[in-house]
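Peer 1: got a predicted structure plus its sequence, pasted below:
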Amino acid sequence: MDRRTRVRFAPSPTGPLHMGGVRTALYNYLYAKQHGGDFIIRIEDTDSHRFVPGAEKYIIEALNWCGIIPDEGVDASGNVVETVSEKHPHAPYRQSQRRSIYRKYAEELVGKGYAYYAFDTADELAAKRAEMEAAGQTFIYNHITRKSLRNSLSMPESEWRPLLETHTDWTIRFMMPENRVVKMDDLIRGHIEVNTDTLDDKVLWKKADELPTYHLANIVDDHLMEITEVIRGEEWLPSLPLHYLLYEAFGWQDTQPRFAHLSLLLKPDGKGKLSKRDGDRLGFPVFPLKWTNAEGEVSRGYREDGYFPEAFVNMLAMLGWNPGDDRELFTMDELTEAFSLERVIKSGARFNPDKAKWYNKEYLRMKSDDELTDLFIPVLEQHGMQVVGCAKCALTAGAEVTVQGADFTNHIFTRDYVRRIVSLIKERATFVADFWDIASYLFTAPVSYVEKDAAKFWKEENYSLALKTADFIHDFKGEFTKESLEGPLEEYIRGNEWPMGKVMNCLRLALVGASSGLGIADIVTLIGKEEFARRMENIKSALGC
RNA sequence: GGUGGGUUCGUAUAACGGUUAGUACUCAAGAUUUUCAUUCUUGCAAUAGGGGUUCGAUUCCCCUACCCACUACCA
């Protein structure tokens, strides 16, 4: 009764982990941490036909990026553990490497009369299914049909026993009891009852691959690994009765885990569950990390799109769960503290890309200027800018001593210059990459002027005043900082009774190339008088005066 | 078709059986600002439908509608 809490995330390496899968892993992780228990990773690769190279690595890397670190099943260098150790007592954690242990459990069920050998080929069954469907009926392999099919129940032992050796693709099927009501409890959905007559005799083990199917492997491993709660997707709810019956057949009811089935993530619009196509269609990632498939098709990832993992995780956590009050921003530790399966929503949650962006924006403004500067520097370098005065940057010899803040002709800037800009623009951005779009004019002079804005402001009655204002700024004798310039500048324009908006926007046009951006005092003190003068000359020759 | 699950503003969600049905995102308007953005204020907008039970139902029960999942020797 006082068992240590142990939960597991058991993905199938058939492709990149979908954000819904990340959420399932997250809820498992939060549950484990909250109860001071273990979070285990197990790779369910019993279907060799659907194996995708690289998928396993992707899944672990994705979880790692999200801060969802397994206690067991994956080692410190991110590899799935294959050999038993104190920390990983249930190795291997890949079902394909556990194949030897499943057959005996399947045979045990046959011996106890809970399962039987079946010799029908997949083709035969498919034909039968098609035949009955054509007649408007549904084929189910169950207590009614199994008598007329080829198996150890319908054939005499003398006939089927030799087939075990000669036949290469027989299976072991679970013998679903007749007309029994299975009573189940789900931590999220409550009590559920299902009559076994609606269920079929599921394949538990297949000779052709010498491997179990999901159902058997899952139950055996959950039992062996002492799993206490199974938190998984809603698509498993229909097989819950089978799983209950399997625990019963093995006599493992005492340690049977409790189950919680999570609802699915739905498309932002229309009907159905969220798919990769929705992301392509509506312009958002559905995968945590970028993924390139065998055909070379690339799927974008939240990481590459510039999302912070904390924001992504926070957003996912709130999709189908809430703390019961109005709080929306949570660190992983706070989520661990507040999480509860009781407050997980039963209905499907429609994913909202706008909300995901909002989360990132919130996290971006919580970051320190230094941290954001570090992230912005690579973006600047991609745009051909060079930043000096930081360990990470490639330093041109002597550059640090010669550059005073900004060198526009050589595109060299000090880290401090970048940091000052970051602190001014961080509230305007959703992603770090936005910084460039917002502030490129602080690194390189505008090469064109937005036509609409130019037409609106660059008129003689305005720019004649702006030119005089530019002279005033140029001749300003005080300390050339925003703080000391701003007041006198405003005073100067107001004192002359000039239209503030028009004058400022003419200057802004020259400095930014558009009528948007930071305050004029901010811009000129940042770029310096020299660059300011150059940009005034540029606009005069470009637009005339 | 069968079985199971689900249904509160456009979206995510809150509401011991008693609230003017709250909050956030989006959107719109206004204020502030030298522009843009930010910020602030305000607004738009929901209990799927029908029956019960009850003094009283978003909440409990039933029916209908709609949505989703499952219905493989895939997970």
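Peer 2: Now that the structure is in, tell me what you want to look at. Numbering: from 1, shown residues only, chains lettered A, B, ... in the order given.

Peer 1: is it correct that residue A:447 is in contact with residue A:513?
Peer 2: Yes - taking Cβ atoms under 8 Å as the definition, residue A:447 is a contact partner of residue A:513 at 7.4 Å. (Glycine included, C-beta is placed from N, CA and C.)

Peer 1: the two: which has the busier surroundings?
Peer 2: residue A:513 (23 against 8; other Cβ atoms under 10 Å).

Peer 1: with residue A:425 as the reference, measure out to that one.
Peer 2: Residue A:513 sits 16 Å away from residue A:425 when distances are taken as Cβ to Cβ, to the nearest Å.

Peer 1: and chain A, what are its domain boundaries?
Peer 2: Per automatic domain parsing, the structural domains of chain A span A:6-93+A:264-355, A:97-262, A:368-442, A:451-543.

Peer 1: next, count neighbours for residue A:438.
Peer 2: The burial count for residue A:438: 17, using other Cβ under 10 Å.

Peer 1: what helix or strand is it on?
Peer 2: helix A:434-439 (DSSP states H and E).

Peer 1: can you list the buried residues in that helix?
Peer 2: Using 16 or more other Cβ atoms under 10 Å as the test for burial, helix A:434-439 gives A:434-436, A:438-439.

Peer 1: packing partners of the helix or strand encompassing residue A:507?
Peer 2: Applying DSSP H and E as the criterion places residue A:507 in helix A:500-512. Packed against helix A:500-512 by the contact rule (3 or more Cβ pairs under 8 Å, 6 or more residues apart in numbering; DSSP states H and E) you find helix A:451-457, helix A:460-474, helix A:482-495, helix A:520-543.

Peer 1: list the contacts of that helix.
Peer 2: Identification of contacts with helix A:500-512 by Cβ atoms under 8 Å, 6 or more residues apart in numbering yields A:441, A:446, A:449-450, A:453-454, A:456-458, A:461-463, A:465-466, A:469-470, A:490, A:493-494, A:514-517, A:520, A:523-524, A:527, A:532, A:535-536, A:538-539.

Peer 1: quick one: it to chain centroid distance?
Peer 2: Helix A:500-512 has its C-alpha centroid displaced from the chain centroid by 43 Å (Cα atoms, centre = their mean, to the nearest Å).

Peer 1: now the angle from that helix to helix A:460-474?
Peer 2: Counting by axes from the mean of the first three to the mean of the last three Cα atoms, to 10 degrees, helix A:500-512 lies at 70 degrees to helix A:460-474.

Peer 1: so for helix A:500-512, what's the average pLDDT?
Peer 2: For helix A:500-512, the mean pLDDT works out to 95.

Peer 1: ok, back up a step: and RNA strand B, is the helix holding residue A:438 touching that?
Peer 2: No - figure legend: helix A:434-439 not in contact with RNA strand B (Cβ under 7 Å from any atom of the strand); closest approach 8.0 Å.

Peer 1: hmm, who's touching that helix?
Peer 2: A:372, A:376, A:379-380, A:383, A:421-422, A:424-426, A:428-429, A:517-518.

Peer 1: try 7 Å
Peer 2: A:376, A:379, A:383, A:421-422, A:425, A:428-429 (Cβ atoms under 7 Å, 6 or more residues apart in numbering).

Peer 1: which of the residues you listed count as buried?
Peer 2: Here, 16+ other Cβ under 10 Å leaves A:376, A:379, A:421-422, A:425, A:429 buried among the contacts of helix A:434-439.

Peer 1: for residue A:304, see how far away the residue most central in space within chain A is.
Peer 2: Closest residue to the average C-alpha location of chain A: residue A:288 at 3.0 Å, with Cα atoms, centre = their mean. The spacing between residue A:288 and residue A:304, counted by Cβ to Cβ, is 10 Å.

Peer 1: where does chain A dip in pLDDT?
Peer 2: For chain A, applying pLDDT under 70 flags the ranges A:1, A:390-404.

Peer 1: swap in 80 and give it another go.
Peer 2: The model of chain A has pLDDT under 80 over residues A:1-2, A:270, A:389-405, A:544-545.

Peer 1: in the stretch 201-350 of chain A, which spans are strands?
Peer 2: Listed in chain order, the strands of the stretch 201-350 of chain A (DSSP state E, counting those that start in this stretch) span A:203-206, A:211-212, A:229-233, A:258-262, A:265-266, A:291-292, A:298-299, A:349-350.

Peer 1: mean neighbour count and distance to RNA strand B added to those strands, as JSON lines?
Peer 2: Formatted as JSON lines, the strands of the stretch 201-350 of chain A follow (neighbours: other Cβ atoms under 10 Å; distance: least, Cβ to the nearest atom of the strand, whole Å):
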{"stretch": "strand A:203-206", "mean neighbour count": "23", "distance to RNA strand B": "4"}
{"stretch": "strand A:211-212", "mean neighbour count": "23", "distance to RNA strand B": "7"}
{"stretch": "strand A:229-233", "mean neighbour count": "21", "distance to RNA strand B": "8"}
{"stretch": "strand A:258-262", "mean neighbour count": "20", "distance to RNA strand B": "7"}
{"stretch": "strand A:265-266", "mean neighbour count": "22", "distance to RNA strand B": "6"}
{"stretch": "strand A:291-292", "mean neighbour count": "17", "distance to RNA strand B": "17"}
{"stretch": "strand A:298-299", "mean neighbour count": "14", "distance to RNA strand B": "19"}
{"stretch": "strand A:349-350", "mean neighbour count": "16", "distance to RNA strand B": "3"}
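
Peer 1: and of those, who's closest to residue A:71?
Peer 2: Each of the strands of the stretch 201-350 of chain A has some distance to residue A:71 by Cβ to Cβ; the shortest is strand A:229-233, at 14.6 Å.

Peer 1: residues from the stretch 251-400 of chain A in reach of RNA strand B?
Peer 2: With the criterion set to Cβ under 7 Å from any atom of the strand, the stretch 251-400 of chain A comes near RNA strand B through A:263-264, A:266, A:268, A:271-273, A:318-322, A:324, A:326, A:328, A:343, A:345-350, A:352, A:354-355, A:358.

Peer 1: buried only: go through the residues you listed for me.
Peer 2: Among these, the ones that count as buried by 16+ other Cβ under 10 Å are A:263-264, A:266, A:268, A:273, A:318-321, A:348-349.

Peer 1: kindly indicate which of the residues you listed lies nearest residue A:72.
Peer 2: residue A:321 (24.4 Å).

Peer 1: which ones are touching that closest one?
Peer 2: With contact set as Cβ under 7 Å, 6+ apart, residue A:321 has these partners: A:339, A:343-345.
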